[in-house]
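Undergrad: show me how the following folds:
(one chain, ligands or ions: 1)
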Amino acid sequence: MKKVLVANRGEIAIRIMRTVREMGMKTVAVYSEADRNALHVRYADEACCIGPEASSQSYLVADKIIEAARLTGADAIHPGYGFLSENAEFADRVVSEGIIFIGPTGNSMRMIGSKIAAKATAEKHGIPLVPGTSKAIDDLQEAKDVAAKIGFPILIKASAGGGGKGMRIVYEASSFEEQMKLAVSEAVSAFGDGAVFIERYVGSPRHVEIQVLGDHHGNVVHLFERECSIQRRHQKIVEEAPSSVLTPEMRAAMGACAVAIAKACNYTSAGTVEFLLDENKDFYFLEMNTRLQVEHPVTEFITGLDLVREQINIARGEKLSVSQSDLKINGHAIEIRVYAEDPANSFLPDIGTLNTYRIPQGPGVRVDDCFEEGMDIPIYYDPMISKLIVWDSNRTLAIRKMIRAIEEYEITGITTTLDFCRFVMSHEAFVSGNFDTHFVRDHFTADSLNQPVEEEEEIAAYLAALVASGATGTQPAKPFAIHAGPGMSPWKRNRSGDSD
Ligand code: MV4
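TA: Okay, here's the model as predicted:
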(Lines give C-alpha, C1' and ligand atoms only; values in the text may rest on other atoms or scores of the structure.)
Protein backbone atom coordinates (compact mmCIF):
# COMPACT_ATOMS: atom_id res chain seq x y z
CA MET A 1 0.00 0.00 0.00
CA LYS A 2 1.50 3.31 -1.11
CA LYS A 3 -1.31 5.73 -1.82
CA VAL A 4 -4.64 5.97 0.02
CA LEU A 5 -7.72 7.70 -1.35
CA VAL A 6 -10.04 8.96 1.37
CA ALA A 7 -13.63 8.77 0.10
CA ASN A 8 -14.95 11.36 2.52
CA ARG A 9 -14.81 15.01 3.56
CA GLY A 10 -14.56 17.17 6.66
CA GLU A 11 -12.76 16.34 9.88
CA ILE A 12 -12.70 12.59 9.31
CA ALA A 13 -10.97 12.93 5.93
CA ILE A 14 -8.17 14.97 7.51
CA ARG A 15 -7.97 12.69 10.53
CA ILE A 16 -7.48 9.63 8.28
CA MET A 17 -4.94 11.37 6.05
CA ARG A 18 -2.85 12.33 9.09
CA THR A 19 -2.28 8.69 9.93
CA VAL A 20 -1.70 7.77 6.28
CA ARG A 21 1.06 10.42 6.15
CA GLU A 22 2.60 9.18 9.38
CA MET A 23 2.77 5.73 7.83
CA GLY A 24 4.80 7.14 4.93
CA MET A 25 2.10 6.87 2.29
CA LYS A 26 0.58 9.39 -0.12
CA THR A 27 -2.93 10.77 0.28
CA VAL A 28 -5.67 11.48 -2.26
CA ALA A 29 -8.70 13.65 -1.48
CA VAL A 30 -11.97 13.67 -3.37
CA TYR A 31 -14.20 16.71 -3.22
CA SER A 32 -17.47 18.13 -4.44
CA GLU A 33 -17.72 21.58 -6.00
CA ALA A 34 -18.84 22.95 -2.61
CA ASP A 35 -15.58 21.71 -1.08
CA ARG A 36 -13.16 23.18 -3.63
CA ASN A 37 -11.38 25.20 -0.93
CA ALA A 38 -11.93 22.75 1.92
CA LEU A 39 -9.05 21.87 4.24
CA HIS A 40 -9.13 18.16 3.44
CA VAL A 41 -8.37 19.09 -0.18
CA ARG A 42 -5.48 21.33 0.83
CA TYR A 43 -4.10 18.68 3.18
CA ALA A 44 -3.94 15.90 0.58
CA ASP A 45 -1.04 15.24 -1.81
CA GLU A 46 -3.52 15.08 -4.70
CA ALA A 47 -7.21 15.82 -5.09
CA CYS A 48 -9.97 14.97 -7.58
CA CYS A 49 -13.24 16.81 -8.04
CA ILE A 50 -16.04 14.25 -8.14
CA GLY A 51 -19.07 16.36 -8.94
CA PRO A 52 -21.62 18.91 -7.77
CA GLU A 53 -22.47 19.91 -4.19
CA ALA A 54 -25.16 17.31 -3.48
CA SER A 55 -23.59 14.20 -1.96
CA SER A 56 -25.94 12.07 -4.09
CA GLN A 57 -23.98 13.39 -7.08
CA SER A 58 -20.49 13.28 -5.54
CA TYR A 59 -19.51 11.57 -2.27
CA LEU A 60 -22.14 8.85 -2.74
CA VAL A 61 -21.27 7.93 -6.32
CA ALA A 62 -19.13 4.77 -6.33
CA ASP A 63 -18.16 5.16 -10.01
CA LYS A 64 -16.66 8.59 -9.41
CA ILE A 65 -14.65 7.41 -6.41
CA ILE A 66 -13.28 4.42 -8.31
CA GLU A 67 -12.47 6.64 -11.27
CA ALA A 68 -10.56 9.03 -8.96
CA ALA A 69 -8.58 6.11 -7.54
CA ARG A 70 -7.75 4.90 -11.05
CA LEU A 71 -6.70 8.37 -12.24
CA THR A 72 -4.40 8.94 -9.26
CA GLY A 73 -3.12 5.38 -8.96
CA ALA A 74 -4.39 5.00 -5.39
CA ASP A 75 -4.06 1.39 -4.27
CA ALA A 76 -6.35 1.65 -1.26
CA ILE A 77 -9.58 3.45 -0.31
CA HIS A 78 -10.65 4.46 3.19
CA PRO A 79 -14.38 5.29 3.28
CA GLY A 80 -14.48 7.16 6.64
CA TYR A 81 -17.96 7.19 8.19
CA GLY A 82 -21.32 7.91 6.54
CA PHE A 83 -21.48 8.13 2.72
CA LEU A 84 -20.36 4.75 1.25
CA SER A 85 -18.72 3.41 4.41
CA GLU A 86 -21.29 0.69 5.18
CA ASN A 87 -22.24 -0.11 1.62
CA ALA A 88 -21.41 -3.80 0.98
CA GLU A 89 -21.65 -3.44 -2.81
CA PHE A 90 -19.16 -0.58 -2.74
CA ALA A 91 -16.71 -2.59 -0.61
CA ASP A 92 -16.99 -5.52 -3.06
CA ARG A 93 -16.64 -3.22 -6.07
CA VAL A 94 -13.43 -1.66 -4.70
CA VAL A 95 -11.89 -5.10 -4.19
CA SER A 96 -12.98 -6.29 -7.63
CA GLU A 97 -11.14 -3.28 -9.10
CA GLY A 98 -7.95 -4.55 -7.47
CA ILE A 99 -7.98 -1.82 -4.80
CA ILE A 100 -7.67 -2.49 -1.06
CA PHE A 101 -10.78 -1.52 0.90
CA ILE A 102 -9.79 -0.27 4.36
CA GLY A 103 -12.77 -1.70 6.19
CA PRO A 104 -14.64 -4.97 6.61
CA THR A 105 -15.57 -7.22 3.68
CA GLY A 106 -18.87 -6.79 1.86
CA ASN A 107 -19.88 -10.20 3.21
CA SER A 108 -19.32 -9.16 6.83
CA MET A 109 -21.40 -6.03 6.20
CA ARG A 110 -24.24 -8.08 4.73
CA MET A 111 -24.15 -10.61 7.58
CA ILE A 112 -24.41 -8.01 10.31
CA GLY A 113 -25.82 -4.92 8.54
CA SER A 114 -29.40 -6.15 8.53
CA LYS A 115 -30.75 -5.90 12.05
CA ILE A 116 -32.75 -9.09 11.79
CA ALA A 117 -29.75 -11.06 10.50
CA ALA A 118 -27.65 -9.55 13.29
CA LYS A 119 -30.22 -10.54 15.92
CA ALA A 120 -30.34 -14.09 14.61
CA THR A 121 -26.55 -14.30 14.79
CA ALA A 122 -26.56 -12.90 18.32
CA GLU A 123 -29.26 -15.33 19.42
CA LYS A 124 -27.28 -18.27 18.06
CA HIS A 125 -24.33 -17.23 20.23
CA GLY A 126 -26.36 -16.79 23.38
CA ILE A 127 -26.00 -13.01 23.43
CA PRO A 128 -28.76 -11.20 25.34
CA LEU A 129 -31.42 -9.55 23.18
CA VAL A 130 -34.32 -7.31 24.20
CA PRO A 131 -37.30 -9.67 24.54
CA GLY A 132 -39.14 -9.78 21.24
CA THR A 133 -38.97 -11.39 17.83
CA SER A 134 -35.67 -12.17 16.17
CA LYS A 135 -37.37 -12.76 12.83
CA ALA A 136 -39.24 -10.50 10.43
CA ILE A 137 -42.93 -10.51 11.27
CA ASP A 138 -45.46 -10.33 8.48
CA ASP A 139 -48.40 -12.15 10.03
CA LEU A 140 -50.52 -9.64 11.93
CA GLN A 141 -52.10 -12.19 14.28
CA GLU A 142 -48.72 -13.67 15.15
CA ALA A 143 -47.38 -10.15 15.79
CA LYS A 144 -50.33 -9.42 18.09
CA ASP A 145 -49.73 -12.61 20.04
CA VAL A 146 -46.04 -11.85 20.49
CA ALA A 147 -46.83 -8.26 21.54
CA ALA A 148 -49.32 -9.50 24.12
CA LYS A 149 -46.73 -11.89 25.51
CA ILE A 150 -43.96 -9.26 25.73
CA GLY A 151 -46.31 -6.67 27.22
CA PHE A 152 -46.76 -3.01 26.32
CA PRO A 153 -45.20 -0.60 25.54
CA ILE A 154 -43.50 -2.30 22.64
CA LEU A 155 -41.32 -0.99 19.86
CA ILE A 156 -41.70 -1.83 16.16
CA LYS A 157 -38.41 -1.56 14.30
CA ALA A 158 -37.58 -1.77 10.60
CA SER A 159 -34.89 -4.35 9.85
CA ALA A 160 -33.31 -2.08 7.28
CA GLY A 161 -33.56 0.98 9.55
CA GLY A 162 -30.82 2.38 11.72
CA GLY A 163 -29.93 5.36 13.84
CA GLY A 164 -33.50 5.49 15.08
CA LYS A 165 -35.11 5.58 11.65
CA GLY A 166 -38.11 3.33 11.17
CA MET A 167 -39.06 2.90 14.85
CA ARG A 168 -42.56 3.18 16.34
CA ILE A 169 -43.55 2.95 19.99
CA VAL A 170 -46.89 1.29 20.66
CA TYR A 171 -48.34 1.97 24.10
CA GLU A 172 -51.43 -0.23 24.05
CA ALA A 173 -52.87 -3.26 22.31
CA SER A 174 -55.76 -1.28 20.79
CA SER A 175 -53.45 0.74 18.52
CA PHE A 176 -51.12 -2.13 17.65
CA GLU A 177 -52.67 -3.14 14.35
CA GLU A 178 -52.76 0.40 12.98
CA GLN A 179 -49.15 1.12 14.08
CA MET A 180 -47.95 -2.14 12.60
CA LYS A 181 -49.44 -1.29 9.19
CA LEU A 182 -47.93 2.19 9.28
CA ALA A 183 -44.52 0.80 10.25
CA VAL A 184 -44.48 -1.68 7.37
CA SER A 185 -45.54 0.87 4.74
CA GLU A 186 -43.02 3.36 6.12
CA ALA A 187 -40.26 0.76 5.95
CA VAL A 188 -41.19 -0.06 2.35
CA SER A 189 -41.08 3.58 1.25
CA ALA A 190 -37.99 4.54 3.28
CA PHE A 191 -35.82 1.45 2.79
CA GLY A 192 -37.49 -0.59 0.03
CA ASP A 193 -37.79 -3.41 2.57
CA GLY A 194 -40.93 -3.87 4.66
CA ALA A 195 -39.43 -6.33 7.13
CA VAL A 196 -40.14 -5.29 10.72
CA PHE A 197 -39.70 -6.91 14.12
CA ILE A 198 -40.95 -6.09 17.58
CA GLU A 199 -39.27 -5.69 20.95
CA ARG A 200 -40.14 -4.69 24.49
CA TYR A 201 -39.70 -0.92 24.66
CA VAL A 202 -36.96 -0.03 27.14
CA GLY A 203 -38.16 3.32 28.45
CA SER A 204 -35.02 4.85 29.95
CA PRO A 205 -32.07 3.19 28.27
CA ARG A 206 -28.40 4.05 28.25
CA HIS A 207 -26.51 3.58 25.01
CA VAL A 208 -23.22 1.78 25.59
CA GLU A 209 -21.17 0.49 22.67
CA ILE A 210 -18.07 -1.70 22.50
CA GLN A 211 -15.24 -1.01 20.05
CA VAL A 212 -13.80 -4.12 18.40
CA LEU A 213 -10.87 -4.85 16.09
CA GLY A 214 -10.54 -8.01 14.01
CA ASP A 215 -7.72 -9.05 11.67
CA HIS A 216 -7.34 -11.58 8.83
CA HIS A 217 -5.66 -14.09 11.16
CA GLY A 218 -8.73 -14.77 13.29
CA ASN A 219 -7.74 -12.39 16.10
CA VAL A 220 -10.48 -10.22 17.59
CA VAL A 221 -10.11 -7.90 20.57
CA HIS A 222 -12.41 -5.37 22.18
CA LEU A 223 -11.23 -1.90 23.17
CA PHE A 224 -13.76 -1.40 25.98
CA GLU A 225 -16.86 0.76 25.84
CA ARG A 226 -18.04 4.21 24.94
CA GLU A 227 -21.03 5.75 26.68
CA CYS A 228 -23.13 7.70 24.16
CA SER A 229 -26.40 8.36 26.01
CA ILE A 230 -26.30 12.15 25.71
CA GLN A 231 -27.93 12.59 22.34
CA ARG A 232 -30.74 14.40 20.65
CA ARG A 233 -32.92 12.80 18.01
CA HIS A 234 -30.33 10.04 17.56
CA GLN A 235 -27.58 12.58 17.00
CA LYS A 236 -24.93 11.97 19.63
CA ILE A 237 -23.64 15.07 21.38
CA VAL A 238 -21.38 13.81 24.19
CA GLU A 239 -19.47 10.52 24.27
CA GLU A 240 -17.09 9.26 26.91
CA ALA A 241 -14.92 6.30 27.77
CA PRO A 242 -15.11 4.48 30.06
CA SER A 243 -18.81 4.58 31.00
CA SER A 244 -19.49 5.74 34.54
CA VAL A 245 -21.96 2.86 35.11
CA LEU A 246 -20.17 -0.29 33.98
CA THR A 247 -18.60 -2.55 36.57
CA PRO A 248 -15.49 -4.49 35.51
CA GLU A 249 -17.71 -7.61 35.37
CA MET A 250 -20.25 -5.97 33.04
CA ARG A 251 -17.40 -4.63 30.89
CA ALA A 252 -15.90 -8.09 30.55
CA ALA A 253 -19.29 -9.68 29.77
CA MET A 254 -20.22 -7.07 27.15
CA GLY A 255 -16.71 -7.21 25.68
CA ALA A 256 -16.96 -11.00 25.32
CA CYS A 257 -20.36 -10.65 23.57
CA ALA A 258 -18.95 -8.04 21.19
CA VAL A 259 -15.99 -10.26 20.33
CA ALA A 260 -18.33 -13.20 19.72
CA ILE A 261 -20.47 -11.11 17.33
CA ALA A 262 -17.40 -9.91 15.43
CA LYS A 263 -16.04 -13.46 15.16
CA ALA A 264 -19.42 -14.74 13.97
CA CYS A 265 -19.29 -12.44 10.93
CA ASN A 266 -15.53 -12.85 10.27
CA TYR A 267 -15.05 -9.21 11.03
CA THR A 268 -11.76 -7.77 9.76
CA SER A 269 -11.52 -4.08 10.66
CA ALA A 270 -12.60 -1.63 13.36
CA GLY A 271 -16.27 -2.04 14.25
CA THR A 272 -18.71 -1.17 16.99
CA VAL A 273 -21.23 -3.36 18.76
CA GLU A 274 -24.13 -1.36 20.23
CA PHE A 275 -25.94 -2.30 23.40
CA LEU A 276 -28.85 -0.91 25.38
CA LEU A 277 -28.65 -0.87 29.16
CA ASP A 278 -32.00 -0.93 30.96
CA GLU A 279 -32.94 0.46 34.39
CA ASN A 280 -31.54 -2.68 36.06
CA LYS A 281 -28.27 -2.35 34.14
CA ASP A 282 -29.09 -5.48 32.16
CA PHE A 283 -27.56 -5.18 28.71
CA TYR A 284 -29.00 -6.17 25.34
CA PHE A 285 -27.35 -6.36 21.92
CA LEU A 286 -28.86 -3.87 19.46
CA GLU A 287 -26.84 -3.76 16.26
CA MET A 288 -23.32 -3.57 14.88
CA ASN A 289 -21.84 -0.60 13.01
CA THR A 290 -19.34 -1.72 10.39
CA ARG A 291 -17.34 1.50 10.17
CA LEU A 292 -14.90 3.73 12.03
CA GLN A 293 -17.17 5.86 14.22
CA VAL A 294 -17.29 9.59 14.82
CA GLU A 295 -16.54 9.03 18.51
CA HIS A 296 -13.50 6.76 18.01
CA PRO A 297 -11.07 9.34 19.53
CA VAL A 298 -12.23 8.66 23.10
CA THR A 299 -11.21 5.03 22.63
CA GLU A 300 -7.87 6.16 21.17
CA PHE A 301 -7.25 8.28 24.27
CA ILE A 302 -7.95 5.55 26.82
CA THR A 303 -6.13 2.76 24.93
CA GLY A 304 -3.25 4.69 23.35
CA LEU A 305 -4.01 3.09 19.98
CA ASP A 306 -4.48 4.80 16.61
CA LEU A 307 -7.59 3.09 15.22
CA VAL A 308 -6.91 4.21 11.65
CA ARG A 309 -3.39 2.76 11.84
CA GLU A 310 -4.88 -0.49 13.11
CA GLN A 311 -7.40 -0.49 10.23
CA ILE A 312 -4.64 0.07 7.68
CA ASN A 313 -2.42 -2.64 9.14
CA ILE A 314 -5.36 -5.06 9.15
CA ALA A 315 -6.14 -4.21 5.51
CA ARG A 316 -2.47 -4.92 4.63
CA GLY A 317 -2.87 -8.37 6.11
CA GLU A 318 -0.88 -7.71 9.28
CA LYS A 319 -1.76 -9.03 12.69
CA LEU A 320 -3.34 -6.84 15.36
CA SER A 321 -0.66 -4.93 17.26
CA VAL A 322 -2.22 -5.89 20.61
CA SER A 323 -3.80 -8.87 22.33
CA GLN A 324 -6.67 -8.59 24.82
CA SER A 325 -4.38 -8.98 27.82
CA ASP A 326 -2.20 -6.05 26.62
CA LEU A 327 -5.19 -3.73 26.73
CA LYS A 328 -5.88 -1.59 29.80
CA ILE A 329 -8.10 1.43 30.30
CA ASN A 330 -5.92 4.44 30.97
CA GLY A 331 -7.73 7.45 32.47
CA HIS A 332 -10.88 9.00 31.09
CA ALA A 333 -11.78 10.69 27.79
CA ILE A 334 -14.77 12.83 26.81
CA GLU A 335 -15.78 14.03 23.35
CA ILE A 336 -18.28 16.73 22.47
CA ARG A 337 -19.53 17.38 18.97
CA VAL A 338 -19.58 21.05 18.07
CA TYR A 339 -22.45 21.59 15.66
CA ALA A 340 -23.48 24.75 13.80
CA GLU A 341 -26.88 24.61 15.51
CA ASP A 342 -28.80 26.88 17.84
CA PRO A 343 -29.67 25.06 21.09
CA ALA A 344 -31.89 27.98 22.16
CA ASN A 345 -33.94 27.54 19.00
CA SER A 346 -34.72 23.80 18.80
CA PHE A 347 -31.18 23.08 17.57
CA LEU A 348 -31.99 24.49 14.13
CA PRO A 349 -28.93 24.49 11.87
CA ASP A 350 -27.13 27.82 11.63
CA ILE A 351 -25.18 28.92 8.59
CA GLY A 352 -22.69 31.67 8.04
CA THR A 353 -19.04 32.58 8.30
CA LEU A 354 -16.59 31.69 11.07
CA ASN A 355 -15.65 35.28 11.87
CA THR A 356 -13.58 34.18 14.85
CA TYR A 357 -12.27 30.66 15.11
CA ARG A 358 -9.76 29.87 17.82
CA ILE A 359 -9.42 26.32 19.11
CA PRO A 360 -8.50 25.26 22.64
CA GLN A 361 -5.10 23.69 23.20
CA GLY A 362 -2.94 22.35 25.99
CA PRO A 363 -2.21 18.96 27.55
CA GLY A 364 -4.87 16.32 26.93
CA VAL A 365 -6.86 18.44 24.46
CA ARG A 366 -7.54 17.28 20.89
CA VAL A 367 -9.62 19.06 18.27
CA ASP A 368 -10.59 17.18 15.10
CA ASP A 369 -11.90 19.83 12.75
CA CYS A 370 -11.86 21.02 9.16
CA PHE A 371 -12.22 24.79 9.26
CA GLU A 372 -10.17 27.95 9.66
CA GLU A 373 -11.19 31.47 10.57
CA GLY A 374 -13.01 33.17 7.70
CA MET A 375 -14.44 30.00 6.18
CA ASP A 376 -18.15 29.40 5.55
CA ILE A 377 -19.99 26.33 6.81
CA PRO A 378 -21.38 24.63 3.70
CA ILE A 379 -25.12 23.98 3.82
CA TYR A 380 -25.02 20.73 1.86
CA TYR A 381 -23.64 18.43 4.55
CA ASP A 382 -23.81 17.56 8.23
CA PRO A 383 -23.52 20.74 10.33
CA MET A 384 -20.72 19.38 12.55
CA ILE A 385 -17.91 21.94 12.85
CA SER A 386 -15.55 19.89 14.96
CA LYS A 387 -15.08 17.34 17.70
CA LEU A 388 -13.44 18.45 20.92
CA ILE A 389 -11.90 15.57 22.85
CA VAL A 390 -10.15 15.73 26.21
CA TRP A 391 -8.27 13.21 28.32
CA ASP A 392 -7.32 13.22 31.96
CA SER A 393 -6.52 10.66 34.61
CA ASN A 394 -10.09 10.42 35.95
CA ARG A 395 -13.63 11.50 35.08
CA THR A 396 -13.75 14.52 37.37
CA LEU A 397 -10.55 15.93 35.94
CA ALA A 398 -11.69 15.18 32.40
CA ILE A 399 -14.95 17.10 32.98
CA ARG A 400 -13.00 20.07 34.36
CA LYS A 401 -10.64 19.95 31.42
CA MET A 402 -13.58 19.90 29.03
CA ILE A 403 -15.12 22.95 30.68
CA ARG A 404 -11.79 24.78 30.44
CA ALA A 405 -11.42 23.78 26.77
CA ILE A 406 -14.99 24.84 25.91
CA GLU A 407 -14.33 28.22 27.53
CA GLU A 408 -11.15 28.62 25.49
CA TYR A 409 -12.90 27.74 22.22
CA GLU A 410 -13.83 30.99 20.46
CA ILE A 411 -16.31 30.87 17.63
CA THR A 412 -18.18 33.92 16.39
CA GLY A 413 -20.34 34.40 13.32
CA ILE A 414 -22.14 31.12 13.84
CA THR A 415 -24.23 29.81 16.73
CA THR A 416 -22.85 26.50 17.99
CA THR A 417 -23.66 23.81 20.53
CA LEU A 418 -20.62 24.80 22.66
CA ASP A 419 -22.70 26.55 25.35
CA PHE A 420 -25.06 23.59 25.42
CA CYS A 421 -22.14 21.19 25.95
CA ARG A 422 -20.89 23.39 28.77
CA PHE A 423 -24.35 23.14 30.32
CA VAL A 424 -24.14 19.33 30.09
CA MET A 425 -20.65 19.22 31.62
CA SER A 426 -21.76 21.20 34.66
CA HIS A 427 -25.15 19.52 35.10
CA GLU A 428 -25.59 17.48 38.27
CA ALA A 429 -27.08 14.52 36.33
CA PHE A 430 -24.08 14.31 34.02
CA VAL A 431 -21.51 14.87 36.72
CA SER A 432 -23.05 12.23 38.97
CA GLY A 433 -23.39 9.76 36.09
CA ASN A 434 -27.14 9.52 36.67
CA PHE A 435 -28.51 10.03 33.15
CA ASP A 436 -30.04 8.16 30.22
CA THR A 437 -30.87 8.82 26.56
CA HIS A 438 -33.57 11.31 27.65
CA PHE A 439 -31.08 13.73 29.24
CA VAL A 440 -31.86 16.58 26.83
CA ARG A 441 -35.65 16.16 27.11
CA ASP A 442 -35.48 15.85 30.90
CA HIS A 443 -32.99 18.58 31.74
CA PHE A 444 -32.66 21.11 28.95
CA THR A 445 -34.84 24.04 27.92
CA ALA A 446 -33.85 27.03 25.81
CA ASP A 447 -33.75 28.96 29.11
CA SER A 448 -31.03 26.71 30.51
CA LEU A 449 -28.38 28.74 28.69
CA ASN A 450 -29.44 32.03 30.26
CA GLN A 451 -28.71 31.10 33.87
CA PRO A 452 -26.68 33.67 35.77
CA VAL A 453 -22.95 33.11 35.60
CA GLU A 454 -21.40 32.56 38.99
CA GLU A 455 -18.68 34.83 40.24
CA GLU A 456 -15.27 33.73 39.04
CA GLU A 457 -13.90 33.55 42.58
CA GLU A 458 -16.77 31.31 43.61
CA ILE A 459 -16.05 28.93 40.76
CA ALA A 460 -12.33 28.91 41.50
CA ALA A 461 -13.06 28.14 45.15
CA TYR A 462 -15.49 25.43 44.20
CA LEU A 463 -13.03 23.74 41.86
CA ALA A 464 -10.30 23.94 44.48
CA ALA A 465 -12.64 22.22 46.95
CA LEU A 466 -13.42 19.55 44.38
CA VAL A 467 -9.74 18.74 43.92
CA ALA A 468 -9.22 18.72 47.68
CA SER A 469 -12.15 16.29 48.01
CA GLY A 470 -10.03 13.87 46.00
CA ALA A 471 -12.71 12.56 43.65
CA THR A 472 -10.73 9.96 41.75
CA GLY A 473 -10.90 6.89 39.58
CA THR A 474 -14.13 5.95 37.88
CA GLN A 475 -16.19 6.89 40.93
CA PRO A 476 -18.95 9.29 39.98
CA ALA A 477 -17.79 12.81 40.73
CA LYS A 478 -19.64 14.97 43.23
CA PRO A 479 -22.05 17.35 41.54
CA PHE A 480 -20.91 20.90 41.11
CA ALA A 481 -22.66 23.94 39.83
CA ILE A 482 -21.06 26.15 37.24
CA HIS A 483 -23.87 27.59 35.24
CA ALA A 484 -23.53 27.67 31.52
CA GLY A 485 -23.55 31.15 30.21
CA PRO A 486 -21.70 33.83 28.37
CA GLY A 487 -18.71 35.72 29.64
CA MET A 488 -16.58 32.76 30.69
CA SER A 489 -13.86 33.05 28.06
CA PRO A 490 -10.36 33.34 29.50
CA TRP A 491 -9.25 35.33 26.47
CA LYS A 492 -9.10 39.07 27.10
CA ARG A 493 -9.60 41.56 24.33
CA ASN A 494 -6.43 42.88 22.77
CA ARG A 495 -5.68 46.04 24.75
CA SER A 496 -3.86 47.98 22.07
CA GLY A 497 -1.79 50.81 23.49
CA ASP A 498 -1.06 49.01 26.76
CA SER A 499 2.63 48.67 27.38
CA ASP A 500 3.97 45.64 29.24
C1 MV4 B 1 -34.59 0.69 21.54
C2 MV4 B 1 -35.01 1.59 22.54
C3 MV4 B 1 -35.84 1.10 23.52
N4 MV4 B 1 -36.24 -0.18 23.50
N5 MV4 B 1 -35.01 -0.59 21.57
C6 MV4 B 1 -32.49 3.93 18.76
C7 MV4 B 1 -31.47 3.76 17.70
C8 MV4 B 1 -31.30 2.31 17.47
N9 MV4 B 1 -29.93 1.99 17.34
C10 MV4 B 1 -31.94 1.66 18.65
N11 MV4 B 1 -32.62 2.67 19.38
C12 MV4 B 1 -33.38 2.37 20.46
N13 MV4 B 1 -33.79 1.07 20.55
C14 MV4 B 1 -35.82 -1.00 22.53
N15 MV4 B 1 -36.24 -2.26 22.53
C16 MV4 B 1 -34.57 2.90 22.49
C17 MV4 B 1 -33.76 3.30 21.44
C18 MV4 B 1 -33.36 4.68 21.48
C19 MV4 B 1 -32.03 5.05 21.61
C20 MV4 B 1 -31.00 4.12 21.68
C21 MV4 B 1 -29.71 4.52 21.82
C22 MV4 B 1 -29.40 5.87 21.88
C23 MV4 B 1 -30.38 6.79 21.79
C24 MV4 B 1 -31.71 6.41 21.67
C25 MV4 B 1 -32.70 7.38 21.61
C26 MV4 B 1 -33.99 7.01 21.47
C27 MV4 B 1 -34.33 5.65 21.40
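
Undergrad: first vs last residue of stretch 313-330, how far apart are they?
TA: This stretch, stretch 313-330, spans 23 Å end to end (C-alpha to C-alpha, to the nearest Å).

Undergrad: mean confidence for that stretch?
TA: Average pLDDT, stretch 313-330: 97.

Undergrad: stretch 7-17 too?
TA: 98.

Undergrad: in it, what's buried?
TA: 7, 8, 9, 10, 11, 12, 13, 14, 15, 16, 17 (16 or more other C-beta atoms under 10 Å). The C-beta positions use only the backbone N, C-alpha and C, and glycine is treated the same way.

Undergrad: what does the stretch 51-200 of the chain put close to the ligand?
TA: Selection of the stretch 51-200 of the chain residues close to the ligand by C-beta under 6 Å from any ligand atom yields 130, 155, 163, 164, 199, 200.

Undergrad: the last one: how many residues sit nearby?
TA: Residue 200 has 18 neighbouring residues, counting by other C-beta atoms under 10 Å.

Undergrad: residues in contact with residue 378?
TA: The contact partners of residue 378, taken as C-beta atoms under 8 Å, 6 or more residues apart in numbering, are 34, 35, 53.

Undergrad: could I get those residues as JSON lines with neighbour count?
TA: Listed next are these as JSON lines, based on neighbours: other C-beta atoms under 10 Å:
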{"residue": "34", "neighbour count": "18"}
{"residue": "35", "neighbour count": "25"}
{"residue": "53", "neighbour count": "15"}
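
Undergrad: tell me the one of those nearest residue 27?
TA: Within these, proximity to residue 27 (C-beta to C-beta) peaks at residue 35, which comes in at 15.2 Å.

Undergrad: for the closest residue to the closest one other than its chain neighbours, which residues are in contact?
TA: Nearest residue to residue 35, sequence neighbours excluded (C-beta to C-beta, 6 or more residues apart in numbering): residue 9, at 5.6 Å. The contact partners of residue 9, taken as C-beta under 8 Å, 6+ apart, are 31, 32, 35, 38, 40, 59, 370, 381.

Undergrad: which of the residues you listed fall within strands?
TA: Counted as lying in strands by DSSP state E, out of the contacts of residue 9, are residue 31.

Undergrad: and the contacts of residue 9, which is closest to the ligand?
TA: Closest approach between these and the ligand, by C-beta to the nearest ligand atom: residue 381, at 21.7 Å.

Undergrad: need the per-residue pLDDT for that closest one.
TA: 95.

Undergrad: and residue 432, how many neighbours?
TA: Residue 432, neighbours per other C-beta under 10 Å, totals 13.

Undergrad: now it: phi and psi?
TA: Torsion angles at residue 432 (phi, psi; degrees, to the nearest 10) stand at phi -80, psi -10.

Undergrad: can you pull the pLDDT of it?
TA: pLDDT, read off for residue 432, is 96.

Undergrad: kindly report the same for the one 3 residues further on.
TA: As summarised for this prediction, residue 435 has a pLDDT of 97.

Undergrad: shouldn't it be in contact with residue 229?
TA: Yes. Applying C-beta atoms under 8 Å, one finds residue 435 in contact with residue 229, separated by 6.0 Å.

Undergrad: any shared contact partners between the two?
TA: residue 206.

Undergrad: any idea how far the closest residue to residue 243 other than its chain neighbours lies from residue 93?
TA: Using C-beta to C-beta, 6+ apart and skipping residues adjacent in sequence, the residue nearest residue 243 is residue 227, 3.6 Å away. Distance, residue 227 to residue 93, using C-beta to C-beta, to the nearest Å: 36 Å.

Undergrad: more neighbours: which of the two?
TA: The neighbour count for residue 227 versus residue 93, taken as other C-beta under 10 Å, is higher for residue 227 (24 against 19).

Undergrad: so the more buried one: helix, strand or coil?
TA: Following DSSP: H, G, I helix; E, B strand; the rest coil, we place residue 227 in the strand state.

Undergrad: what's the answer for residue 14, then?
TA: helix.

Undergrad: could you shift the numbering so residue one becomes 17, and keep it that way?
TA: With 17 as the first residue, the last one maps to residue 30.

Undergrad: packing partners for the strand or helix carrying residue 194?
TA: For residue 194, the host element (DSSP states H and E) is helix 192-207. Applying 3 or more C-beta pairs under 8 Å, 6 or more residues apart in numbering; DSSP states H and E, we find helix 192-207 packed against helix 156-166, strand 170-178, strand 181-186, strand 212-216.

Undergrad: mind putting the ones you listed in a markdown table, distance to residue 440 and mean pLDDT included?
TA: Formatted as a markdown table, those follow (distance: least, C-beta to C-beta, whole Å; pLDDT from 0 to 100):
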| stretch | distance to residue 440 | mean pLDDT |
| --- | --- | --- |
| helix 156-166 | 33 | 89 |
| strand 170-178 | 25 | 87 |
| strand 181-186 | 24 | 88 |
| strand 212-216 | 29 | 93 |
